[in-house]
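>>> This is a predicted model, with the sequence first.
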Amino acid sequence: MNLTLKVWRQKNASDKGGFREYKVKDISEHMSFLEMLDVLNEELLEKGEDPVHFDHDCREGICGMCSLHINGKPHGPLQTTTCQLHMRSFNDGETITIEPFRAKAFPVVKDLVVDRGAFDRIIQSGGYVTVNTGGVPDANEIPIPKVIADEAFDSATCIGCGACVAACKNASAMLFVSAKISQLALLPQGKVERKERAEKMVAQMDAEGFGACTNTGACSAECPKEIKLSNIARMNREYFTASVTTENV
Amino acid sequence: MILDSKTPSGPLAEKWTNHKFNVKLVNPANKRKYEIIVVGTGLAGASAAASLAELGYNVKAFCFQDSPRRAHSIAAQGGINAAKNYQNDGDSVFRLFYDTVKGGDYRSREANVYRLAEVSVNIIDQCVAQGVPFAREYGGLLANRSFGGAQVSRTFYARGQTGQQLLLGAYSALSRQVANGKVKLFPRTEMLDVVIIDGKAQGIVTRNLITGTIESHSAHAVLLCTGGYGNVFFLSTNAMGSNVTAAWRAHKKGAYFANPCYTQIHPTCIPVSGDHQSKLTLMSESLRNDGRVWVPKTVEIAEKLRKKEIKPADIPDEDRDYYLENKYPSFGNLVPRDVASRNAKYVCDEGRGVNETGEAVFLDFRDAILRDGEDLVRSKYGNLFDMYHQITGENPYKTPMMIYPAVHYTMGGLWVDYNLMTTIPGLYALGEANFSDHGANRLGASALMQGLADGYFVIPYTVGNYLATQPYDKPSEDHPAFKQSEEEVKEKLERLLSIKGEKTVDYYHKKLGKIMWNYCGMARSADGLAKAKSMIKELKEEFWTNVRVLGTEEELNQSLEKANRVADFLELGELMIDDALNRNESCGGHFREEYQTPEGEALRDDENYAYVAAWEYKGENQDEQLHKEELVFENVKLTQRSYK
Ligand SMILES: Cc1cc2nc3c(=O)[nH]c(=O)nc-3n(C[C@H](O)[C@H](O)[C@H](O)COP(=O)(O)OP(=O)(O)OC[C@H]3O[C@@H](n4cnc5c(N)ncnc54)[C@H](O)[C@@H]3O)c2cc1C
Ligand code: SF4
Ligand code: FES
C-alpha cells in the first residue's frame, strides 16, 4: 500500500517543531508500524535527510519504550503498543498523523522521542517493598490466595509506556500510579508499607506536574495492557485511608 | 598469561560456602568509601546495583534505554529455574547442576554451575519478598512447570511475562536505592570504553545519548552487565538496542572473550515474513509442553500447503510427521533447544517446510485443546496466542502456529573467573555478558536464574574480596588515561560521521547478519566459515569507506549509535568465525557438519576440546591469540547426550 505520513519533526527540546509530510510506497500489510517507519528512515537517509527519531527497543510489546501518538490515539487504532501495531490496520492511500505523546510532564526530546523520567521518579518515591537482598523467608511461607495473586498480577503488567497519560485530556498519571499501588497493596508483602507508599507516590505524581483525574476512563481504554480503572478506585481508597490515619508526608 | 579460574578447592557442594568464608570482607563503615560502576540494568545489573548499594557501596548505574526498567530482560517469557523441589518430584541442587552441565554439553565449569544451582533457591525467596507475582496454585503456594529439556517441574513463572516481573522486582529494589541516594542513575547513557590505570579497571567513558556529551566516570570497580550479542545476526529475538559494544571495548582493552561461537538458536520463533523484518519474535518454549511439532510426511503435501491448496487441518494424522516425538520418544517435543532447532532445519531442508518461504514447521495445539479445553489452554498461554495473532494475523486456537528457529541467546561472552572477574583486575562481567555457566548450550529458564544469581548473591561477596585490597582513593577523571580514552571515543564517532558514504548502517548490519546466519548459524563447516571470514573482512572495509551517517555528534543521533554498534559487531563476527573454525567438534549450539554421529547428532571431542576458548585481542586486523582453560569434570561423567 501507499501512504502519506504527517510526522512531527522537532530538532530538540527547545525547537518549536512542526509537521512534515512524507510519502511511503509499497508497504506490506505484514510490516509492523515501526518497520514502516524504518522504511521511511532508510529512504530519508538515502536522500540525505535526517531520519525520524522515535523510541523503541523490544518490539514485542513489553518494554514500554515505543510511544507514538497515531491518528490522535496513543499507540494508534488498536489497544496495543505501537510496535505491535501492524500495517494491516491501515488502508491504501490513507494519511497517517504521527506525533509524540503529549503531556507537560513528558517533554519532547527530539521528533517523536519524549522524556518519561517522571515515571521512574514516582516509582523511586515508594513503588517497592522495603527488603534487602538476603535474609528473607522461604517463598512458600507467604501463601497468597490465587485470586489475590492473579489480581495483583493484572496490575503488575503495566509496562510504564505512558499511553494513559497521553490519552487523558488532563494528562493524569493515575492509571500508572494506581497500578503499582494496587499490586503492592493487594499482596501481603506490600501491605506493611501501603499507607506511606500511597501518600508518597501520589505526592510525587503531583510534583511532576501530571493533571488531575476526572474519571473519563480514556486511560484504561487506551492502555495496551488493559490496566483496569478499578485500580484508580483502589488507589483513592488507599490514599484516603492513609491520609486520615498516618502522619507521614 | 595463564588463565586461572580461581575455583576454590574442596568438595563441590562446599566450595561456595568455603569461599564465602574465605573472601576478604570490607568493613561496613568503609563500604561507603568505594564507588562501583554498574553498566546495564537488566536482571544482572539491576540486582547487582541494588544489592551493592544496600551493603553501603556507592553505585553508579548506566543503561542506554530511557529507563532501567526497559532492559532486554523485560522480554523473557517462560520462567526461571530453581531447585526448590516444591513439587516433590525428585529435584535437588545436584540435579539442577547435573542437568545444566549436561544440557551445556559438558563445556561449562562445574564449580560455577553448582553455585548457580545452589543459590537458585534464594532467588525465588528474594523475588517473592519483593512482591513479584509468580503463578500460584489454589492453595496459595507457588506453581511450577517443566520447561525445555527438564524432567522435573522446577520452573517458576509469571504467566508469559516472567522476565518482566523479575525485572520490575529488581528495578523496584534499584529505585529504592536511588531514593536512598546510594545509586545514581544514568539512563540514555552508553558506555563506550573502559579505562585502565595501573593495570586495573578504574572507570568508564560514556556518551550521553541526548546531548552527545562524552564523559568520564572513575570508580574502584566496574561491572559489565550489558547482555548478549545475538544482534550480530541482525535478526534475532533480542531487543533492537542489544549490542556487544561494552563487552567488545573491554575486550580490546585486554579482557579475554570466551567461546564467542556458542550461540543459541531458539526453536520456537515466528518465521521471517519478508525483507522488511526488523526482529524476530520468540514464542515461549513453554508452548512445547502442550503444543506438538510436526510437518507433513511428504514433500508433495508440503508443497500443496505452501501453495495454500490445502489447510493444515485437512492433513490426517497418518500424513503428519511428529518428528520430535518419533525420533526422541522419551523427551519428545521437550528436547533441548539445539536439538529441536536442528531438526526443524533438517525437515525444512528436505522440502517439508510449511509456509511460503519453506522455512517453518507447525506447533499444533489441536490435541491440547481437545484434551483440556480452550479455556485451560487460554489460561496458560493466552497472551502468547494473542501476540501470535497480532503479529501474523492468524488465530492459533483455530489453526496451528508456524514456527522456525531464530538466534536467541549467546552463551559466549567475556571470560570470567569464579569471582566473575574478567582478565582485567577490577572489571567484572555478569549475566549474559559473561560466558560462565551455560557451556555450549543454555537450558530454558536458566538465563534469568544466572543473571539474578550473579547480581543478588555472587557479586556482593566477590567484589568485596577485591575491594578489600584497594585504596580508598581513586584516580581523578582528569587523569590522562581518561582524557586519552575520551579522545579515542570521539575520534571514532567523528570518523563514522566523516565517511559520508552511500549505504545506510542497516544495509551493512543486514549483510553481516546474513553471512553469520548462513555460515555461522545452525550448522557450520570449515569451508563455509573460511568463506564467511573473507566476506566479513570485505564488508568491514566497505563499511568504513562507504557508510552514511548523518547529523552530528552533539545531539540525539540514532544512526550514529547504530553505526558505532555495528562497527563492533563486524569485528566480533570475525572472532566468532575464528572460534567456530578452531573448534573441530560439535557441541551444544555449535554444530560443525564434519563432526556428527551416524544419527546426525552433535559429536563432541572431549579429548581435544574440553576447554574454554578464551581469545586475547592483539590489535587492529591482527589474529587474536587463543588461551585455553581446561575443563575438569570431577562430579559428572561425560556422556554423549541422548534424548531418545
Ligand atoms: C524473547 C526472549 C525471551 C527469553 N525468555 C527467557 C526465559 O523465559 N527464561 C530465561 O531464563 N531466559 C530467557 N531469555 C534470556 C534472558 O532474558 C536474557 O539472557 C537475560 O535477561 C539477560 O539479562 P542481562 O541482565 O544479562 O542483560 P540485559 O537484560 O540484556 O540488559 C543489558 C543492559 O545493559 C545495558 N547496556 C548494554 N550495552 C550498554 C552500553 N554500552 N552502555 C550502557 N548500557 C548498556 C542495557 O541498557 C541494559 O540495561 C529470553 C531472551 C529473549 C530474547
Ligand atoms: S497503565 Fe497502561 S497505558 Fe499507562 S503506563 Fe501502564 S501500561 Fe502504559
Ligand atoms: S518497543 Fe517495547 S513495547 Fe514497543
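That came in fine, so what should we check first? Ligands and ions are numbered 1, 2, ... in the order given.
>>> Close to chain A: what parts of the stretch 251-400 of chain B are there?
Contact residues, the stretch 251-400 of chain B versus chain A (C-beta under 8 Å from any C-beta of the partner chain): B:273-274, B:276-279, B:281-282, B:387, B:390-391, B:393. Yep, even glycine has a C-beta here, placed from its N, CA and C like the rest.
>>> And the pLDDT for whatever residue of the stretch 251-400 of chain B ends up closest to ligand 2?
Across the stretch 251-400 of chain B, the shortest distance to ligand 2 (C-beta to the nearest ligand atom) belongs to B:Asn383, at 13.5 Å. pLDDT recorded at B:Asn383 is 79.
>>> what sits up against stretch A:131-139?
A:189, B:47, B:50-51, B:54, B:84, B:122, B:124-130, B:134, B:142, B:173, B:456-457, B:460 (C-beta atoms under 8 Å, 6 or more residues apart in numbering or on different chains).
>>> average pLDDT across it?
Average pLDDT, stretch A:131-139: 96.
>>> What of stretch B:59-70?
For stretch B:59-70, the per-residue pLDDT averages 98.
>>> Verify the stated contact: the residue of the stretch 251-400 of chain B closest to ligand 2 with B:Arg159.
Yes: between B:Asn383 and B:Arg159 there is a contact under C-beta atoms under 8 Å: 6.1 Å.
>>> Tell me which helix or strand in the chain has the weakest average pLDDT.
Since you didn't name a chain, this refers to chain A. Ranked by mean pLDDT, DSSP states H and E, the weakest helix or strand in chain A is helix A:230-245, scoring a mean of 92.
>>> I was after chain B.
Sorting the helices and strands of chain B by mean pLDDT, DSSP H and E puts helix B:374-392 at the bottom, at a mean of 88.
>>> how distant is that helix from the center of its chain?
The chain centre lies 25 Å from the centre of helix B:374-392; the measure is C-alpha atoms, centre = their mean, to the nearest Å.
>>> sorry, back to before: can you list contacts of the least confident helix or strand of chain A?
A:155, A:174-175, A:177-179, A:181-182, A:185, A:194-199, A:202, A:213, A:215, A:248.
>>> Can you list the neighbours in contact with the least confident helix or strand of chain B?
Outside helix B:374-392, the residues that touch it by C-beta under 8 Å, 6+ apart are A:32, A:60-61, A:80, A:84, A:86, B:77, B:159-161, B:270, B:273, B:281, B:283-284, B:286-287, B:290, B:365, B:368-369, B:394-397, B:401-402.
>>> tell me the angle of the next helix-or-strand element following that helix relative to helix B:374-392?
Where DSSP states H and E defines the elements, the next helix or strand beyond helix B:374-392 is strand B:401-410. Calculated by axes from the mean of the first three to the mean of the last three C-alpha atoms, to 10 degrees, strand B:401-410 forms an angle of 70 degrees with helix B:374-392.
>>> anything in strand B:401-410 near ligand 1?
Yes: residues of strand B:401-410 contacting ligand 1 under C-beta under 6 Å from any ligand atom: B:408-409.
>>> where does chain A have low pLDDT?
Residue ranges of chain A with pLDDT under 70: A:246-249.
>>> show me where it has helices.
Listed in chain order, the helices of chain A (DSSP state H) span A:33-46, A:117-124, A:146-156, A:163-167, A:174-186, A:188-191, A:194-207, A:218-222, A:230-245.
>>> with the residues of the stretch 251-400 of chain B next to chain A in mind, which one is nearest to B:Ser5?
Distance to B:Ser5 across those (C-beta to C-beta) is lowest for B:Leu282, with 32.3 Å.
>>> so who does the closest residue to that closest one other than its chain neighbours touch?
Excluding its sequence neighbours, the residue lying closest to B:Leu282 (C-beta to C-beta, 6 or more residues apart in numbering or on different chains) is B:Thr237, at 4.2 Å. The neighbours of B:Thr237, taking C-beta under 8 Å, 6+ apart as the test, are B:75, B:230, B:266, B:269, B:279-282, B:406-408.
>>> Return the member of these nearest to ligand 3.
Set against ligand 3, the nearest of these by C-beta to the nearest ligand atom is B:Ala75 (7.9 Å).
>>> Centre of the chain to the helix or strand encompassing B:Ala250, how far?
Assigned by DSSP H and E, B:Ala250 falls within helix B:245-252. Put simply, helix B:245-252 sits 16 Å off its chain's centre (C-alpha atoms, centre = their mean).
>>> Stretch B:458-471 now?
Taking C-alpha atoms, centre = their mean, the mean C-alpha location of stretch B:458-471 is offset from the chain mean by 26 Å.
>>> repeat for stretch B:57-75
Remark: stretch B:57-75 is offset 16 Å from the chain centroid, using C-alpha atoms, centre = their mean.
>>> Pull out the buried members of the contacts of helix B:374-392.
Among the contacts of helix B:374-392, those buried by neighbour count (16 or more other C-beta atoms under 10 Å in any protein chain shown) are A:32, A:60-61, A:80, A:84, A:86, B:77, B:159-161, B:270, B:273, B:281, B:283-284, B:286-287, B:290, B:365, B:368-369, B:396, B:401-402.
>>> show me where the stretch 51-200 of chain B has strands.
Here the stretch 51-200 of chain B has its strands, by DSSP state E, counting those that start in this stretch, at B:58-62, B:80-81, B:155-156, B:183-186, B:189-197, B:200-208.
>>> To ligand 2, which of these lies closest?
Among the strands of the stretch 51-200 of chain B, the nearest to ligand 2 by C-beta to the nearest ligand atom is strand B:183-186 (19.2 Å).
>>> Which other helices and strands does the closest one contact?
Judged by 3 or more C-beta pairs under 8 Å, 6 or more residues apart in numbering or on different chains; DSSP states H and E, strand B:183-186 is in contact with helix B:43-55, strand B:58-62, helix B:162-179.
>>> give me every residue that touches whichever residue of the stretch 1-150 of chain B sits closest to chain A.
Using C-beta to the nearest C-beta, B:Gly140 is the residue of the stretch 1-150 of chain B that sits closest to chain A, at 3.3 Å. Going by C-beta under 8 Å, 6+ apart, B:Gly140 touches A:143-146, A:149.
>>> most surrounded residue in these?
If you count neighbours using other C-beta atoms under 10 Å in any protein chain shown, the busiest of the contacts of B:Gly140 is A:Ala149, which has 22 neighbours.
>>> What sits closest to that one if chain neighbours are left out?
B:Arg136 (4.5 Å).
>>> about what we covered before: right, so of the helices of chain A, which gets closest to ligand 1?
Ligand 1 lies closest, by C-beta to the nearest ligand atom, to one member of these: helix A:117-124, at 13.2 Å.
>>> Does the closest one reach chain B?
Yes: contact of helix A:117-124 with chain B is found when judged by C-beta under 8 Å from any C-beta, involving A:117, A:119-120, A:123-124.
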